[in-house]
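> What follows is a predicted protein model with its sequence.
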Amino acid sequence: MAVPDFDVIVIGAGHAGVEAAWAAARMGRRVGICTLSAETVALMPCNPAIGGTAKGHLVREIDALGGLMGRAIDATGLQFKLLNRSRGPAVWSPRAQADKRHYGRWVREALTSAPNITWIFRRAGRVLVEAGHVSGLEFEDGGAVSCRALVVTTGTFLNGLVHIGDEQRPAGRAGEPPTHQLAESLRAFGFEMGRLKTGTPPRLDRKSIDFSRFKEDLGDDPPVPFSFSTDRIDRPQMACHIVHTTEAVHDLVRSHIDRSPLYNGQISGVGPRYCPSLEDKVMRFPEKERHQVFLEREGLDVDEIYVNGMSMSLPAAIQDAIVHAMPGLEDAVVMRHAYAVEYDFVQPTELSLSLEAKRVPGLFLAGQINGTSGYEEAAAQGLMAGINAAQRCVDATNVVLGRDQAYIGILIDDLVTRGCLEPYRMFTSRAEHRLVLRIDNADLRLTAIGRAVGMIDDARWARFETRAARLDRNRARAATTRVVVNGLTGTAAEALGRPLVSMDNVVSAGYAFETDGVREIDAATLEAECKYRGYLKRHDAQQARVESQHARRIPEEFDYEGVPGLTREVVERLSAIRPVTLGQAGRIPGVTPAALAIVASRVRKLGT
């Protein structure tokens, strides 16, 4: 048998694609990245920011496994914030405004300098299959390359259609053509597919805005890094600015709503519920007198200002009027108008938990093609698809993260088990184990997994082992050091378990906390463990009980048709998803507790 051109081919070099390529190459596979231009690698066509509520958890986990995103934003961020500081550590989430050009350049250079990666600047066409398994990729202009595994990360490009008012043009995003042949190639496999929509706001010329008229929104000092390998961020941070919509803006939207593709039936795709357009804000919340909008720099060497909170699809002339009706933006120059884009996606119930297509072995899908929204969700999927594509090349075991191991595990389980009716976005509320899945302990949860598959090099592993050993010493010392805090005597660990008692309090009272002298992530971990000790004990006990039932595996060949007592609907859902465990089966929409009990009984009788 001839040696294929590549072990893994990745179609697309957005946030999913770059992580997939990086992962497979780190694991020693020969990787080809198929994309149209080096200038669009890790592009940020929408909000030039990384992280945010729950999304910051995903970035920390990507980094803990050995991915790129955390280091990339640490190296190129303009403003850093740790969100939700006023709440418990379980929901703290980092967010950073990015210099989008420098971010893309950093990622491109990381991939270019990595061994095992080859750039293929051509348009992907047809997925090739031999003997029921992916065998390569054919290009639209002819010719093909062979591979053992293929990762498709096409973002919004599958039959993409851009809308600005009644103007429509085929595009994956502004100025870039869509992918038709690849979309039809995927459809030919019989995948269940659908149509989704997303949007972006206008960009303004920085030189046309008098920022002295706006309230500044500043970052944290000192900034909190994303990556466990970043010691500190020393770059000066840039301010964002806050403005609000007015009744004049709302009147313009209402009086021209019939010209919005989102409202006049021109767009059929379903949009993201949690990131509403300006039209949605005005029409769905008429009681709101104003909506907050952020003016955000897109980079140090670009003049474009991103108007965060004003995505829309109204005609260009109406957009101009809306911008000029905003206080302080009367003279602002619109450099790029907002638009909506609708695109095809593959229903993710077509995939296994490894993100491999059930219908086509060796074919993996990641990112917006699976119905998600957001750079972070895409990058997390890309990383796992790349890891499992690399594993597939050598017939190694898939790497699948559980819901109790990572937000990444929750993301993929939700997609594969429940599917998508609208663009999926990660929230901390989706995590039933969020007390365990904190940003401070992502490395403790996942770095050993990254090391086991070859993602973590010796230097990074030594750093992790040093941190883990130091944390163990701090735990032991906290459990034995007696302190008096607020008039109460006890161990440092007991004191840290009380509300409003911080590490600074117990250190002042005599606890010798050991730090690396650079960042105090150990303090965050130790404080969280002490604060949540009682909850974590109950969680562990409950989880052990649940796992004894839910971890039971369902045989691959299990015949739901032959199980008495299951309704036709339940049989169809279980047969389509093919859950791996009883726990996954119970999360499938429509599978009732009674139906799960019937399946569990039959599985037990089979002795699995």
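Nice, thanks for sending it over. The structure displayed is predicted, hence computed values, not measured ones.
> use CA for all of it now, contacts and neighbours both
Noted.
> Check whether residue 241 sits in a helix, strand or coil.
strand (DSSP: H, G, I helix; E, B strand; the rest coil).
> Quick check: it vs residue 319, distance?
Distance from residue 241 to residue 319, counting by CA to CA, to the nearest Å: 20 Å.
> between these two, who's got more neighbours?
Legend: neighbour count by other CA atoms under 10 Å for residue 241 and residue 319, higher for residue 319 (24 against 19).
> what is the mean pLDDT for the helix or strand harbouring the more buried one?
For residue 319, the host element (DSSP states H and E) is helix 316-324. On average, the pLDDT along helix 316-324 is 97.
> Show me what it is in contact with.
The contact list for helix 316-324 (CA atoms under 8 Å, 6 or more residues apart in numbering) reads 164-165, 202, 249, 252-253, 256, 329-332, 334, 337-338.
> one more time with 7 Å, if that's ok
If you take CA atoms under 7 Å, 6 or more residues apart in numbering as the criterion, helix 316-324 is touched by 164, 249, 252, 329, 330, 331, 332, 334, 337.
> For the first one, give me the backbone phi and psi.
Right, the one you point to is residue 164. phi -130, psi 100 (degrees, to the nearest 10).
> these two touch, right, it and residue 339?
Yes - the pair residue 164 and residue 339 passes the contact test of CA atoms under 7 Å, sitting 5.1 Å apart.
> Could you pull out the residues contacting both of these two?
Listed contacts common to residue 164 and residue 339 are residue 313; contacts here mean CA under 7 Å, 6+ apart.
> Looking at those two, which is more packed in?
With neighbours defined as other CA under 10 Å, residue 164 and residue 339 compare such that residue 339 has more, 25 against 21.
> Would you enumerate the residues in contact with residue 237?
By CA under 7 Å, 6+ apart, the contact list for residue 237 reads 78, 79, 219.
> Please indicate which of those are buried?
Neighbour-count burial (16 or more other CA atoms under 10 Å) is assigned, among the contacts of residue 237, to 78, 79, 219.
> mind listing the helices for the stretch 101-250 of the chain?
Taking DSSP state H, counting those that start in this stretch as the test, the helices found in the stretch 101-250 of the chain are 181-187, 247-255.
> List just the one of the ones you listed that sits closest to residue 300.
With CA to CA as the measure, helix 247-255 is the member of those nearest residue 300 (29.8 Å).
> Not counting its own residues, what contacts the closest one?
Contact with helix 247-255 is made by 279, 282, 289, 322, 325, 326, as judged by CA under 7 Å, 6+ apart.
> Can you tell me which of these are buried?
Buried among the contacts of helix 247-255 by 16+ other CA under 10 Å: 279, 282, 322, 325, 326.
> Can you name the residues that contact the fourth one?
Each residue near residue 325 by CA under 7 Å, 6+ apart is listed here: 248, 249.
> Beyond the lowest-mean-pLDDT helix or strand in the chain, next helix or strand please.
Here the helix or strand of the chain ranked lowest by mean pLDDT, DSSP states H and E is helix 533-550, holding a mean of 74. The first helix or strand that comes after helix 533-550 along the chain, using DSSP H and E, is helix 568-577.
> what about that following helix, distance to the chain center?
Centre-to-centre, helix 568-577 and its host chain are 29 Å apart (CA atoms, centre = their mean, to the nearest Å).
> same deal with stretch 184-198?
21 Å.
> model confidence over it, on average?
Stretch 184-198 shows an average pLDDT of 95 in the prediction.
> Tell me if I'm right that residue 337 and residue 204 touch.
No - counting by CA under 7 Å, residue 337 stays clear of residue 204, with 8.8 Å between them.
> In the stretch 201-350 of the chain, where is pLDDT below threshold?
The model of the stretch 201-350 of the chain has no residue with pLDDT under 70.
> how about the closest residue to residue 199 other than its chain neighbours, secondary structure?
Nearest residue to residue 199, sequence neighbours excluded (CA to CA, 6 or more residues apart in numbering): residue 340, at 4.1 Å. Taking three-state DSSP as the rule, one finds residue 340 in the strand state.
> What is the burial count for residue 340?
Neighbour count of residue 340, defined by other CA under 10 Å: 27.
> and residue 51, how many neighbours does it have?
By other CA under 10 Å, 28 other residues sit near residue 51.
> ugh, typo on my part, it should be residue 251
Neighbours of residue 251 using other CA under 10 Å come to 13.
> State the mean pLDDT of the host helix or strand of residue 56.
Using DSSP H and E, residue 56 sits in helix 55-65. In this model, helix 55-65 has a mean pLDDT of 98.
> CA atoms of that helix as PDB?
Presented in PDB, the C-alpha positions along helix 55-65 are these (Å, rounded to 0.1, in the frame of the first residue of the first chain):
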ATOM      1  CA  LYS A  55     -15.200  30.600  27.300                       C
ATOM      2  CA  GLY A  56     -12.200  31.500  29.500                       C
ATOM      3  CA  HIS A  57     -12.500  28.100  31.100                       C
ATOM      4  CA  LEU A  58     -12.300  26.500  27.600                       C
ATOM      5  CA  VAL A  59      -9.100  28.500  26.800                       C
ATOM      6  CA  ARG A  60      -7.400  27.500  30.100                       C
ATOM      7  CA  GLU A  61      -8.300  23.800  29.300                       C
ATOM      8  CA  ILE A  62      -7.000  24.100  25.800                       C
ATOM      9  CA  ASP A  63      -3.700  25.500  27.200                       C
ATOM     10  CA  ALA A  64      -3.600  22.800  29.900                       C
ATOM     11  CA  LEU A  65      -3.700  20.100  27.200                       C
END
